[in-house]
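K.L.:
just coords:
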């Protein structure tokens, strides 16, 4: 048995994979593959309509917002966000590599204020006690930091509108969308396979930026055309629809939130108990999506032996990012309690040997 702890592209629910695979072989009994049908066909329009409706239903998106399915990954949004929303000045909370990359792109379009950063501590915590300036067009946050294993699991109370990169924890907990002008997420964590990015934008704030925006980079283009301005990533959108159906059938975001807490409690409890390991971030900022840990200093030489030991027992993708080292167990929505318990048994069995 293999358990997929990869940080992304990551584990998907088996039923979602099987249904997507069936559609690739024969979509809707048409005798054609989902991968070869026209994106303009009524059969695919029904898919994108349902996927959009499910995003709005599950996230409780208020009226006045559009849901877009775009290409380019979250990295393209680092540019599109300031292109469309930055008028004079924007504030960014620097909590890791992806937040820093987003901030770098924003500097091409106007003044950027870094409100706080945990870079000096290798991003091992979410900064506290910082003040958001009131004269900015938006505050940008990255809610979950896959590399470092920190997460903001609540909607911040700040005096300005927010924009959030939720690539790695969207659909894992309830969110108050009304606080945000935009939310964006690469799909390959909690939503779908790689190849599509979901963007939720507040319609009445578009068009205010004092610049000409290239057609493909203007959110209004995609709002006006219902994500159909150019050929959309058909198979990833179908996969997203199947995954959203699954999330709804499981009980929605409250159920996902409870499962996330249970999975994390199982693994973090063992990290804290086991003499061989230690967590890498402050306890109050621990991510429920990406659980990062290393060998305790006196057992540092056991890092590779434990990796080999766990890999032999079916733990896939637990090697930590090079910026942190050690191990990273990504416990996204599709990860099972059984998988977390299997990892814990690995850790206990390895401890018993050493």
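P.N.:
Happy to help now that I have it. Since we're looking at a predicted model, the values are computed, not measured. Numbers count the residues shown, from 1 in each chain.
K.L.:
CA atoms for contacts and neighbours, from now on please.
P.N.:
Noted.
K.L.:
Show me what the host helix or strand of residue 338 is in contact with.
P.N.:
Per DSSP states H and E: residue 338 is located in helix 337-353. Under the criterion Cα atoms under 8 Å, 6 or more residues apart in numbering, residues 3, 262-263, 266-267, 270, 274-276, 306, 309-310, 313, 315, 331 lie in contact with helix 337-353.
K.L.:
For PyMOL, write the select line for the buried members of those.
P.N.:
Of the contacts of helix 337-353, the buried ones go into a single PyMOL selection, burial set by 16 or more other Cα atoms under 10 Å:
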select buried, resi 3+263+267+270+274+276+306+309+310+315+331
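K.L.:
Closest one to residue 90 out of the contacts of helix 337-353, please.
P.N.:
Distances from residue 90 to the contacts of helix 337-353, taken as Cα to Cα, are shortest for residue 331 (32.2 Å).
K.L.:
all helices for the protein, in order.
P.N.:
Taking DSSP state H as the test, the helices found in the chain are 14-25, 42-59, 73-85, 97-106, 219-224, 234-250, 252-273, 303-312, 337-353.
K.L.:
picking up where we left off before, what about the helix holding residue 338, average pLDDT?
P.N.:
Mean per-residue pLDDT for helix 337-353: 97.
K.L.:
Quick check: buried residues in that helix?
P.N.:
Neighbour count says helix 337-353 has 337, 339, 340, 342, 343, 344, 346, 347, 348, 350 buried, by 16+ other Cα under 10 Å.
K.L.:
Pull the distance from it to the chain's centre.
P.N.:
26 Å (Cα atoms, centre = their mean, to the nearest Å).
K.L.:
ok and that helix relative to helix 303-312, angle-wise?
P.N.:
140 degrees (axes from the mean of the first three to the mean of the last three Cα atoms, to 10 degrees).
K.L.:
Name the nearest of the buried residues of helix 337-353 relative to residue 23.
P.N.:
residue 339 (27.7 Å).
K.L.:
Now for residue 29, how many residues are close by?
P.N.:
Residue 29 has 10 neighbours, counted by other Cα atoms under 10 Å.
K.L.:
Please give me every residue in contact with it.
P.N.:
Counting by Cα under 8 Å, 6+ apart, there are no residues that residue 29 touches.
K.L.:
Buried residues in stretch 94-113, which are they?
P.N.:
By neighbour count on 16+ other Cα under 10 Å, the buried set for stretch 94-113 is 94-100, 102-103, 105-107, 109, 112-113.
K.L.:
and which of these is nearest to residue 220?
P.N.:
Comparing those against residue 220 with Cα to Cα places residue 109 closest, at 18.3 Å.
K.L.:
and the closest one, backbone torsions?
P.N.:
Per-residue torsions, residue 109: phi -120, psi -10 (degrees, to the nearest 10).
K.L.:
just use 26 as the starting number from now, easier for me
P.N.:
Yes, from this point I'll number from 26; that puts the last item at residue 134.
K.L.:
Next one: it from residue 106, what distance?
P.N.:
In this view, residue 134 and residue 106 are 10 Å apart by Cα to Cα, to the nearest Å.
K.L.:
if I look at residue 111, how far off is residue 348?
P.N.:
From residue 111 to residue 348 the distance is 30 Å (Cα to Cα).
K.L.:
pretty sure residue 258 is touching residue 97, no?
P.N.:
No: if you go by Cα atoms under 8 Å, residue 258 and residue 97 don't touch, sitting 10.2 Å apart.
K.L.:
shared neighbours, those two?
P.N.:
220, 221.
K.L.:
Neighbour count for those two, which is higher?
P.N.:
The residue with more neighbours, out of residue 258 and residue 97, is residue 258; 17 against 11, by other Cα under 10 Å.
K.L.:
Now for the more buried one: which residues touch it?
P.N.:
95, 96, 220, 221.
K.L.:
Give me the neighbour count for residue 203.
P.N.:
16.
K.L.:
quick one: contacts for the residue nearest to it when sequence neighbours are not counted?
P.N.:
Spatially, and ignoring its direct neighbours in sequence, residue 203 is nearest to residue 87 (6.6 Å; Cα to Cα, 6 or more residues apart in numbering). Residues near residue 87 by Cα under 8 Å, 6+ apart: 81, 202, 203.
K.L.:
CSV for these, including distance to residue 149?
P.N.:
Output for the contacts of residue 87, formatted as CSV (distance: Cα to Cα, whole Å):
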residue, distance to residue 149
81, 33
202, 27
203, 29
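K.L.:
tell me, what residue is most central in the chain?
P.N.:
Nearest to the geometric centre of the chain sits residue 193, at 1.6 Å (Cα atoms, centre = their mean).
K.L.:
Enumerate every residue touching it.
P.N.:
By Cα under 8 Å, 6+ apart, residue 193 lies in contact with 169, 170, 171, 210, 211, 214, 215, 314.
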